[in-house]
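A.B. asks: A structural model of the following input is requested.
(one chain, ligands or ions: 2)
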Amino acid sequence: MELPLLNMSAFRHGKEMESIQFSHRLLQSFTDHGFVKLINHGLPKETVKAYMKAAEHFFKLPTETKMKIANKKGPWPQRGFSWAGAGQTSKLMNENLVGESWDELKDARPNRWPSEDDLPGKQFRTLMEKCYDVFQATCIQLMEAMELGLKLPKGALVERCKPASSELRLNHYPETDLQILAKGKTKRTWPHTDFGIITLLFQDQVGGLGLQDRRNPQTFVPVLPGPVDGPTEMVVNISNTFQRCTNDVVRAGVHQVSVPVALKEKKTGFCPERYSGVFFFKAYRTTSVGPLTHFISDKSPAVYEEINALQYQQKMTGVLY
Ligand SMILES: O=C(O)CCC(=O)C(=O)O
Ligand SMILES: [Fe+2]
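C.D. replies: Ligands and ions are numbered 1, 2, ... in the order given. Have a look, this model is predicted:
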């Protein structure tokens, strides 16, 4: 199985036929795999580079400094720094191997920013806010493409995601003994699906991201980092809310982070630290995340109850906490 790599400029700048063609290819990849890789997605290379670099700067701060903005335990969503083992899926993971994460959300609870004394200059916050806005805009375009691909009325998906309620996250997976990972009892991230509508994902050159092969669920297909000097590759996955809205027509992609393919045969040594940046594109709190009427018929009755995004989130948190 190979994950399609699509060129989004066909949708962004192409003629109508090209947009339609892109939308069909996008839908096909999402339907087949719950995943796609995109180039020419409109996100400037420098912005993505700076975003990943910011992750390094932040996570290299001393633990005490990061702990000043620790996420307060409680119901999801997170705010601020979460240490190894404290993430949403931590109950399933080895405490010591989970990455640190730092979350930025633009709704109810205030964000927790590193102070300027700790991470000098205003750049960090400004950059994160800029990234948030460009990632959000890209997700809206992807929703437009999906409306086209799924033959939905204009706005059917886009309107569920306004105003912006997405979540920006930086992940750091510390260097880990390969022998520990090889035992298979621990992973950097256990197989899971994300909560939101879709997720944008940027990874460094280390590798280790794997996507479940639907025809062969025991197998995780490596989603390799793109070439360093090539265009910036963006990985996109379908998340639970999208699956709900389409009444299981387009299902969420199960993924994990484990040993990079290049290191699979190595018995000793260390798996290098890894950074990734993710953007969880989510529906607005009070909008419905029930199945769209388009996907409901006598033959395919609604699989999911009619609830709003916040209720869904709370329901899911109840499961995980
Ligand atoms: O680090 C990665 O590549 C994946 C992270 C992930 O799946 C998540 O944060 O939900
Ligand atoms: Fe994920």
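A.B. asks: quick one: low-confidence parts of the stretch 101-250 of the chain?
C.D. replies: Across the stretch 101-250 of the chain, the stretches falling below the confidence threshold (pLDDT under 70) are 101-110, 120-122.
A.B. asks: State the next helix or strand along the chain beyond the longest helix along the chain.
C.D. replies: Looking only at the chain and at elements set by DSSP state H, the helix with the highest residue count is helix 123-149. Of the helices and strands lying after helix 123-149 in sequence (DSSP states H and E), the nearest is strand 167-173.
A.B. asks: same for that next one, what does it pack against?
C.D. replies: Using 3 or more C-beta pairs under 8 Å, 6 or more residues apart in numbering; DSSP states H and E as the contact test, the elements touching strand 167-173 are helix 45-59, strand 100-105, helix 123-149, strand 274-281. Bear in mind the C-beta positions are built from the backbone N, C-alpha and C, glycine included.
A.B. asks: so which of these comes closest to ligand 1?
C.D. replies: Put simply, out of the helices and strands packed on strand 167-173 the one that sits nearest ligand 1 is strand 274-281, at 3.3 Å, with distance taken as C-beta to the nearest ligand atom.
A.B. asks: Secondary structure element holding the most centrally placed residue in the chain?
C.D. replies: The chain has residue 199 as the residue nearest its centroid, 3.3 Å off, counting by C-alpha atoms, centre = their mean. Element membership of residue 199 [criterion: DSSP H and E] is strand 198-203.
A.B. asks: So in that sheet, which strands flank that strand, and in what orientation?
C.D. replies: The pairing partners recorded for strand 198-203 under DSSP bridges are strand 234-238 (antiparallel), strand 274-281 (antiparallel).
A.B. asks: Using a markdown table, lay out the ones you listed together with distance to residue 224 and mean neighbour count.
C.D. replies: Putting the strands paired with strand 198-203 into a markdown table (distance: least, C-beta to C-beta, whole Å; neighbours: other C-beta atoms under 10 Å) gives the following:
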| stretch | distance to residue 224 | mean neighbour count |
| --- | --- | --- |
| strand 234-238 | 10 | 25 |
| strand 274-281 | 13 | 24 |
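A.B. asks: Among those, which comes closest to residue 175?
C.D. replies: For the strands paired with strand 198-203, the distance to residue 175 is smallest for strand 274-281, at 8.9 Å, taking C-beta to C-beta.
A.B. asks: buried residues in the helix or strand that the closest one is followed by?
C.D. replies: Per DSSP H and E, the first helix or strand lying C-terminal to strand 274-281 is helix 309-320. Of the residues in helix 309-320, 309-310, 312-313 count as buried by neighbour count, 16 or more other C-beta atoms under 10 Å.
A.B. asks: ok, back up a step: OK, contacts around the closest residue to the residue nearest to the centre of the chain other than its chain neighbours?
C.D. replies: Distances taken as C-beta to C-beta, 6 or more residues apart in numbering place residue 237 nearest to residue 199, at 5.0 Å, with adjacent residues excluded. Applying C-beta atoms under 8 Å, 6 or more residues apart in numbering, one finds that residue 237 lies in contact with 34-35, 193-194, 198-199, 201, 211, 252-253, 255.
A.B. asks: who does residue 237 bridge with?
C.D. replies: According to DSSP bridges, the residues that bridge with residue 237 are residue 35, residue 199.
A.B. asks: picking up where we left off before, can you redo the strands paired with strand 198-203 as JSON lines with distance to residue 14?
C.D. replies: As requested, the strands paired with strand 198-203 are exported to JSON lines (distance: least, C-beta to C-beta, whole Å):
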{"stretch": "strand 234-238", "distance to residue 14": "18"}
{"stretch": "strand 274-281", "distance to residue 14": "23"}
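A.B. asks: follow-up on the earlier one: the helices and strands packed on strand 167-173: which one's closest to residue 167?
C.D. replies: Among these, the nearest to residue 167 by C-beta to C-beta is strand 274-281 (4.2 Å).
A.B. asks: got the contact list for that closest one?
C.D. replies: With contacts defined as C-beta under 8 Å, 6+ apart, strand 274-281 is touched by 48, 51-52, 55-56, 59, 99, 131-132, 135-136, 139, 161, 166-173, 188, 194-204, 206-209, 239, 257.
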